[in-house]
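[1] Sequence unavailable; structure follows:
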């Protein structure tokens, strides 16, 4: 059974281009959340996050299924060719576990970040710092502008 395509909003700033799912919530740490049936919140990384990490090498968890979580709690890590980053939980509730597909193919985090490459699920509610797609676009604008200003400052000829 195929799923309907995600309704998205086009985003472009400098050389960064993406399509952001409209019905998802986002975090300032560049994670996304999708509400699933029965109070489940699915969590993944945005295209901006995976671009900053580089191609995904490995994903690991620091907690087990059934443990309580709250926004800001470190639940694991993701390693890319460019960086290793902690995974902060953006929701409150019970941790349900990692996407089983990542055990066989961690590259899904990079290749299909808004669909098959989700990271883990929580039975609960998104945190208060969650952003809708328009607020996340504004966050991306300010983040990319800050990166460009830093690059210009470090290399005035750029």
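    That came through fine. Everything numeric here is computed off the predicted structure, so don't read it as measured data. Residues are numbered from 1 along each chain as shown.
[2] Every contact and neighbour count from this point should use C-alpha atoms.
    OK.
[3] pLDDT weak spots in the protein?
    For the chain, the stretches flagged by pLDDT under 70 are 1-3, 156-158.
[4] Tell me which residue lies nearest the centroid of the chain.
    Among the residues of the chain, residue 45 comes closest to the average C-alpha position under Cα atoms, centre = their mean, at 1.8 Å.
[5] Excluding sequence neighbours, find me the nearest residue to that one.
    residue 31 (4.3 Å; Cα to Cα, 6 or more residues apart in numbering).
[6] I figured that neighbour hits residue 46, correct?
    Yes - between residue 31 and residue 46 there is a contact under Cα atoms under 8 Å: 5.5 Å.
[7] how about the helices in this structure?
    Using DSSP state H, the helices of the chain run over residues 47-53, 101-104, 108-111, 133-154.
[8] and the ones you listed, which is most packed in?
    Neighbour counts (mean count of other Cα atoms under 10 Å) averaged over each of the helices of the chain peak at helix 108-111, with a mean of 21.
[9] what separates that helix from the chain centre, distance-wise?
    Relative to its chain's centre, helix 108-111 lies at 11 Å (Cα atoms, centre = their mean, to the nearest Å).
[10] list the contacts for the residue nearest to the centre of the chain?
    Contacts for residue 45 were tallied using Cα atoms under 8 Å, 6 or more residues apart in numbering; they are 30-32, 109, 113-114, 118-119.
[11] Dump those into CSV; add distance to residue 58 as well.
    What follows is the contacts of residue 45, written out as CSV (distance: Cα to Cα, whole Å):
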residue, distance to residue 58
30, 18
31, 17
32, 19
109, 9
113, 14
114, 18
118, 13
119, 11
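[12] are any of those buried, and which?
    Among the contacts of residue 45, the ones that count as buried by 16 or more other Cα atoms under 10 Å are 30-32, 109, 113-114, 118-119.
[13] Nearest to residue 94, out of those residues: which one, please.
    Closest approach to residue 94 among the buried ones among the contacts of residue 45 (Cα to Cα): residue 119, at 14.9 Å.
[14] That closest one against residue 99, yeah?
    Yes - Residue 119 lies in contact with residue 99 (Cα under 8 Å); the separation is 5.4 Å.
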